[in-house]
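Novice: return atomic coordinates for the entry below.
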Amino acid sequence: MVDIDMVFRFAFSIDADCDKRTFRVYQVIRTTVVEELELYKFSHSTTGSGSSSGTTTCHRKNMISLAFDNIGHIRWSSNTNATVRFGVEEVSVKDVRKVKNATSQ
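Specialist: I've put the predicted structure just below:
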């Protein structure tokens, strides 16, 4: 069985006023030429200039319709504390960061 690595590129906006929580995720596909397939978009709106709060909306590309579907959001109460909602589940970002298994990578 061939071991295949998946490579992702995270692209942040070059706009200096844009929040770093706004970015796109591409899968890098290496065949005879390098191609990139846009998979996810994360867009963050702040509630004020320099604000650490706000909401990051998450979109995933539907490979059938080629449209981006909303898959959830992250509500930030500070730079390090947030509530993450994907589908019907809502959890604290602290729970998302917890190591589930000591052998996980």
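
Novice: rest of the way, CA atoms for contacts and neighbours
Specialist: OK.

Novice: ok, residues contacting the helix or strand containing Asn70?
Specialist: Using DSSP states H and E, Asn70 falls within strand 68-76. Residues from elsewhere that reach strand 68-76 (C-alpha atoms under 8 Å, 6 or more residues apart in numbering): 40, 52-62, 82-87.

Novice: list phi and psi for Thr80.
Specialist: phi -120, psi 0 (degrees, to the nearest 10).

Novice: distance check, it against Ser92.
Specialist: Using C-alpha to C-alpha, to the nearest Å, we find Thr80 at a distance of 11 Å from Ser92.

Novice: more neighbours: these two, which one.
Specialist: Ser92 (14 against 10; other C-alpha atoms under 10 Å).

Novice: what pairs with the spatially closest residue to the more buried one that is not a sequence neighbour across the strands?
Specialist: In this structure, Ser92 finds its nearest non-sequential neighbour in Thr83, 4.6 Å apart by C-alpha to C-alpha, 6 or more residues apart in numbering. With DSSP bridges as the criterion, Thr83 is bridged to Arg75, Ser92.

Novice: so Thr83 versus Val25, what's the distance?
Specialist: Counting by C-alpha to C-alpha, the gap from Thr83 to Val25 is 21 Å.

Novice: okay, now the sheet partners of the helix or strand hosting Leu37, with direction.
Specialist: Element membership for Leu37, per DSSP H and E: strand 34-45. When pairing is defined by DSSP bridges, strand 34-45 lines up against strand 23-30 (antiparallel), strand 54-61 (antiparallel).

Novice: quick one: it to strand 68-76, angle?
Specialist: 50 degrees (axes from the mean of the first three to the mean of the last three C-alpha atoms, to 10 degrees).
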